[in-house]
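J.: I'd like to go over a predicted model; first the sequence, then the structure.
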Amino acid sequence: MAKIRKPKYTNQAVVVASALALAAAVWGATQITASEAGSHGGTRPAARDKGQPDAKNPAAPPALRQVPQGIAHEPQGGGDAVNVTIDDGPDPTWTPKVLEVLKEHQVKAVFCMVGPQAQAYPGLVRRVVAEGHRLCDHTMSHDTGMDKKPVAYQEREILDAKKLIEQAAGGSAKVDYYRAPGGAFTPDSRRIAAANGMRPLGWNVDTKDFEKPGVSAIMHNIHKELPKKGGTVLFHDGGGSRGQTVTALDRFLGELKEQGRKTDFPVWDKPGS
């Protein structure tokens, strides 16, 4: 019986074939990865630096910056512009109506929110942010006597509310201001707010709409107190029926337009009061 001879270099051929197969597999995987990257627009974009303004909302102040402790009243841009501020919401009935009035007049406002209200109505918080308005911390329990409470209590009221509001807002939204209930600021509360990127925010035009005195009375209060230069006007979208507020706000913004006066956000990172 003839002896069968094995082909020469059998082992070497197996090694070469295996290497070629491996190279082909790597090449194929590379092509698939490149194809997937191309279908998603190439390389993944770098994360936005949270210390810079949002490119989609250049009016938003940059986060994580120290702000002055002084209580703000003036408009950021100066001049005779007016700041519109809305307190005690969000409210499922009245906040949407206030937002519609602001949208109709193309005006941006600051919404000073109570922490549990923001937690209860996150959709409204997100709508406020999406429509270009700014957020303000109005504490957890709206305690107008918190200036007589311990510093630890003030800190909890401020920072717990900030956390709830930002959680409700989602994304990279930040709370830019802090307003003490009833104006009950203290040096400590202003320090705590500023250290956490929130400018203390006051007002110098009290519409007294909270008392529901009638639209004419609300307008009278505005006309009596609104300064010729600047001014921060206090309205409410929470705490009860705000039908009078909605009507008065609409009328007031119409008057500003007739007078050629613009609206602005309150001073945030400047030393002005």
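T.: Arrived safely.
J.: My guess is Gln76 contacts Trp268. True?
T.: Yes. The pair Gln76 / Trp268 is scored as a contact, 6.1 Å apart, by Cβ atoms under 8 Å. For every residue, glycine as well, the C-beta is placed using N, CA and C.
J.: Compare neighbour counts for the two and give me the winner.
T.: Taking other Cβ atoms under 10 Å, Gln76 and Trp268 do not tie; Trp268 has more neighbours (21 against 17).
J.: ok, that one - contacts?
T.: Contact partners of Trp268, counting by Cβ atoms under 8 Å, 6 or more residues apart in numbering, are 61, 67, 72, 76, 176-177, 199.
J.: how close does it sit to Glu131?
T.: Using Cβ to Cβ, to the nearest Å, Trp268 is found at 19 Å from Glu131.
J.: Likewise for Ser172?
T.: Remark: distance between Ser172 and Glu131 (Cβ to Cβ) = 16 Å.
J.: Quick one: end-to-end distance for stretch 119-137.
T.: In stretch 119-137, first residue to last residue: 13 Å (Cα to Cα, to the nearest Å).
J.: quick one on the thing from earlier: between the contacts of Trp268, which sits nearest Gly231?
T.: Within these, the smallest distance to Gly231 is 11.9 Å, found for Ala72 (Cβ to Cβ).
J.: Can you tell me the SS state at Val98?
T.: helix (DSSP: H, G, I helix; E, B strand; the rest coil).
J.: correct me, but it touches Val246?
T.: Yes. Counting by Cβ under 8 Å, Val98 sits close enough to Val246 to count as a contact (6.2 Å).
J.: any idea where the helices of the stretch 101-250 of the chain begin and end?
T.: 115-120, 122-130, 151-169, 187-195, 215-225, 243-259 (DSSP state H, counting those that start in this stretch).
J.: Select, out of those helices, the one closest to Val233.
T.: helix 215-225 (6.6 Å).
J.: I'm done for today, thanks for sticking with me.
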